[in-house]
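A.B. asks: Provided below are the primary sequence and the corresponding predicted coordinates.
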Amino acid sequence: MSSMSQIRHILNGDCLYEQLMMTPMQQNHIIFRECLIDGPVNGETLNEFWQNRAAFMARDYNVLPSEYYKKTVDEFEKIIQIPDGDEICLWFEHDLFCQINMWFIISVLTKRKGLNVFRVSPICHHEMEFWKGFGASTPEMLMQAYQQKILFQDHDLQLGIDLWEAYKKNDVLMLKKLSLHTSECFSMLEDICQAQIDRLGKDGHGGKPEVLVRQLLKEGHKSFDDLMSAFNNIGGVYGFGDFQLKKIYDNEKSIL
């Protein structure tokens, strides 16, 4: 990095921002406020992509388009404006929710040259913590995660682009093929790609998350909070937030 270049931290949400404010890394944060695991991801241009997302967020999440553009799109514009030569740290967790968001960001970043992109992964001391991400991280663990950041090589960045394209097209064969690539920047890639394939379901039937929610309801996990806790123990790979799981929960509960 030149003396004029800076370190930019692209974060997976506002919670991580609050956590990083308790570390020496208190500047140059860009928060990615999206859930590309849910809803349309099509659009010939970035503007059309945002329009489609804004319409979806208004319909499914009751977020006004004006609020969406202010909180998500305007914030994302800061990524477009990052100067050449800067170091970019992608703070994203291992689960499918975070990975899809990261694939998208990589697809946009790679249209630029001269950027040094790094992956910052959560520190996990136990296998049971793997899908919990940064949530339980202390300031010391966040500093350790940054110190262990991994540079995306050209082939890693290309893998990110290809994963985004396969996701956009629901291309199961391509996802299976890409899942066999080995990259330090993409942990548990085979599990992640399989989780996405399992979401798609077969022959018009619901995908695996729907099956898991149905199973948990039948086992007696009737309240949403109880079911979400149980779901995260067996479906942590998806990384669903309240909104994504609540849609499945409401739908499955209405069927039973």
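C.D. replies: Nice, thanks for sending it over. Numbering: from 1, shown residues only.
A.B. asks: Please work out how many residues are found near Ser187.
C.D. replies: Summarising burial for Ser187: neighbours were counted as other CB atoms under 10 Å, giving 17. Any C-beta I mention is one placed from the backbone N, CA and C, and that applies to glycine too.
A.B. asks: What of Asp242?
C.D. replies: Applying other CB under 10 Å, we find 11 residues neighbouring Asp242.
A.B. asks: Look up phi and psi at it.
C.D. replies: Here the main-chain torsion angles of Asp242 (degrees, to the nearest 10) amount to phi -50, psi -50.
A.B. asks: Identify the spatial nearest neighbour of it, chain neighbours not counted.
C.D. replies: Counting by CB to CB, 6 or more residues apart in numbering, Asp242 lies nearest to Met228, which is 7.1 Å off, once chain neighbours are set aside.
A.B. asks: Am I right that the one you found falls within a helix?
C.D. replies: Yes: per DSSP: H, G, I helix; E, B strand; the rest coil, Met228 lies within a helix segment.
A.B. asks: tell me the domain boundaries of this structure?
C.D. replies: Domain assignment for the chain, taken from automatic domain parsing, gives 7-199, 203-255.
A.B. asks: Pull out the buried positions in the helix or strand bottoming out on mean pLDDT in the chain.
C.D. replies: When the helices and strands of the chain are compared on mean pLDDT, DSSP states H and E, helix 242-255 comes out lowest with a mean of 92. The neighbour-count criterion (16 or more other CB atoms under 10 Å) identifies Gln244, Leu245, Ile248, Tyr249, Glu252 as the buried residues of helix 242-255.
A.B. asks: where does the stretch 1-150 of the chain have low pLDDT?
C.D. replies: Of all residues in the stretch 1-150 of the chain, those with pLDDT under 70 make up the ranges 1-3, 127-128.
A.B. asks: now the strands for it?
C.D. replies: Under the criterion DSSP state E, counting those that start in this stretch, the stretch 1-150 of the chain carries strands at the ranges 7-11, 29-31, 87-91, 116-120, 150-151.
A.B. asks: For the stretch 51-200 of the chain, which segments count as helices?
C.D. replies: 65-68, 74-80, 96-109, 139-147, 154-168, 172-178, 189-200 (DSSP state H, counting those that start in this stretch).
A.B. asks: Which one of the ones you listed lies nearest to Leu212?
C.D. replies: Leu212 lies closest, by CB to CB, to one member of these: helix 189-200, at 9.7 Å.
A.B. asks: hmm, back to that, show me which of the buried residues of helix 242-255 is closest to Lys208.
C.D. replies: For the buried residues of helix 242-255, the closest approach to Lys208 (CB to CB) belongs to Ile248, at 10.7 Å.
A.B. asks: any idea how far the residue lying closest to that closest one once chain neighbours are set aside lies from Phe224?
C.D. replies: Excluding its sequence neighbours, the residue lying closest to Ile248 (CB to CB, 6+ apart) is Val213, at 5.0 Å. With distances defined as CB to CB, to the nearest Å, the gap from Val213 to Phe224 amounts to 10 Å.
A.B. asks: Overlap of the contact sets of the two?
C.D. replies: Between them, Val213 and Phe224 share the neighbouring residues Leu245, Tyr249, with contact defined by CB atoms under 8 Å, 6 or more residues apart in numbering.
A.B. asks: Which of the two has more residues huddled nearby?
C.D. replies: The neighbour count for Val213 versus Phe224, taken as other CB under 10 Å, is higher for Val213 (26 against 15).
A.B. asks: So that one, which state does it fall into?
C.D. replies: In the three-state summary, Val213 is assigned as helix, counting by three-state DSSP.
A.B. asks: I'd like the buried residues of helix 242-255 as CSV, with distance to His125 appended.
C.D. replies: Formatted as CSV, those follow (distance: CB to CB, whole Å):
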residue, distance to His125
Gln244, 27
Leu245, 26
Ile248, 31
Tyr249, 31
Glu252, 34
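A.B. asks: Closest one to Gly235 out of those, please.
C.D. replies: Nearest to Gly235, judged by CB to CB, of the buried residues of helix 242-255 is Leu245 at 8.7 Å.
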